[in-house]
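Could you look at this predicted model? Sequence included:
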Amino acid sequence: MDELDELPHTVWVTWEAEDNLGYIRLGEIGDGQAAVQKIVPYPRGAGEIILDFSEEGVLLGIEFLGIDAMPPSMIPKNVRDKA
């Protein structure tokens, strides 16, 4: 059995249109669990990508500030149509 077969594969994608940000959550995240954030400027200059890590260095989620920084296939259709 491959090691990945034992891992959960569900991710949750949310989009807050009023704040122009998206979030991909890789699992359940408790209050205060995201202890370390790594900010990555979006290469095209329109937004930022923030990686949330636990104190142990486990990637918990990915935040996208600005619709252009979000992968197009993960933006809800109704939000894409307004952009």
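Now that the structure is in, tell me what you want to look at.

Could you pull up the residues touching residue 51?
Counting by C-beta atoms under 8 Å, 6 or more residues apart in numbering, residue 51 touches 37, 38, 40, 59, 61, 62. Where you see a C-beta, it was placed from the backbone N, CA and C, and this is true even at glycine.

isn't the last one right up against residue 50?
Yes: A contact is recorded between residue 62 and residue 50 when judged using C-beta atoms under 8 Å, the distance being 7.3 Å.

hmm, back to that, return the item of the contacts of residue 51 having minimum pLDDT.
Among those, residue 40 carries the weakest pLDDT, at 88.

gap between it and residue 28?
24 Å (C-beta to C-beta, to the nearest Å).

for residue 71, same thing?
From residue 71 to residue 28 the distance is 22 Å (C-beta to C-beta).

quick revisit: out of the contacts of residue 51, name the ones that lie in strands.
37, 38, 40, 59, 61, 62 (DSSP state E).

Strands of this protein, start to end?
12-16, 21-25, 36-41, 48-53, 59-65.

For residue 53, which non-adjacent residue is closest in space?
The spatially closest residue to residue 53, leaving aside those adjacent along the chain, is residue 36, at 4.3 Å (C-beta to C-beta, 6 or more residues apart in numbering).
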